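1. one predicted model, sequence on top.
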Amino acid sequence: MSLLDNFIQVGKIGRPKGTKGLLRLHCFLNDNRDINQFQKFYLEDETTINVKLVSFDSKSPLVTINDISDRNQVEVYVNQYIYLQKEKLSPTQENEFYFHDLEGLDVVDQQNEIVGKVESVVNFGAGDLLEIYFLKSSKKESFFDLPRLIFLKSISKKKKLPLNLNDHFSYFNFIS
């Protein structure tokens, strides 16, 4: 079983700031302050750590790890990704999904025929994009502006994503 089966990446630890063990955090949650809602985080090797948001500077949130207050001791965490267990995430409402729920789904058209597969949800700085790999098209991969897609019917937690790729409106909320 892979780490990605049970865990979701929620941040990357950045450089230390100062001498008291503070580290910058590149947080992938909607709100940086949500870090303090969780007790345990995991590194890629599944080591358990405690991360606590303590302040902000002009560049990023600042955190402590395992209450370490020495800059030299926190250096080992720099550039490591942190993960949460998926089961610890808040349950979603109807028509609300986490991005990882969409990845790997088959994309079906109005006739319920599989036309592609969701490869990933990405953000290059201008908004969330759904990357779809098409099965029977000369254009094998395409990116679609996620907030502008229209879903043909309610998405269940199944393996299919019903999309109308011609329309430009979405009725769903997504949680990154």
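-> Received it, and whenever you're ready, just let me know what you need.
2. per the record, what domains does this structure have?
-> Per the record, the chain has its domains at 3-88, 96-175, by automatic domain parsing.
3. could those go into JSON lines alongside mean neighbour count?
-> Backbone N, C-alpha and C define where each C-beta goes, glycine included. Putting these into JSON lines (neighbours: other CB atoms under 10 Å) gives the following:
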{"stretch": "domain 3-88", "mean neighbour count": "15"}
{"stretch": "domain 96-175", "mean neighbour count": "14"}
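4. using JSON lines, lay out those together with mean pLDDT.
-> Output for the domains of the chain, formatted as JSON lines (pLDDT from 0 to 100):
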{"stretch": "domain 3-88", "mean pLDDT": "91"}
{"stretch": "domain 96-175", "mean pLDDT": "64"}
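5. all helices for the chain, in order.
-> Secondary structure of the chain (DSSP state H): helices at 3-6, 71-74, 99-102.
6. tell me which of these sits nearest to Leu25.
-> Nearest to Leu25 among the helices of the chain is helix 71-74 (11.7 Å), distances taken as CB to CB.
7. from Leu129, how far off is Val115?
-> 18 Å (CB to CB, to the nearest Å).
8. what of Val10?
-> The spacing between Val10 and Leu129, counted by CB to CB, is 20 Å.
9. again, but for Glu75
-> From Glu75 to Leu129 the distance is 35 Å (CB to CB).
10. dump the helices of the chain to CSV, plus distance to Gln80.
-> CSV is the format used below for the helices of the chain (distance: least, CB to CB, whole Å):
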stretch, distance to Gln80
helix 3-6, 13
helix 71-74, 11
helix 99-102, 20
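11. of all these, which one is nearest Thr47?
-> helix 3-6 (11.4 Å).
12. quick check: end-to-end length of stretch 81-89?
-> Distance across stretch 81-89, first residue to last, is 17 Å (CA to CA, to the nearest Å).
13. again with stretch 106-122
-> Stretch 106-122 end-to-end distance (CA to CA) = 17 Å.
14. before we move on, what about stretch 30-43?
-> One end of stretch 30-43 to the other measures 20 Å (CA to CA).
15. and stretch 77-91, by the same measure?
-> Taking CA to CA, stretch 77-91 runs 30 Å from one end to the other.
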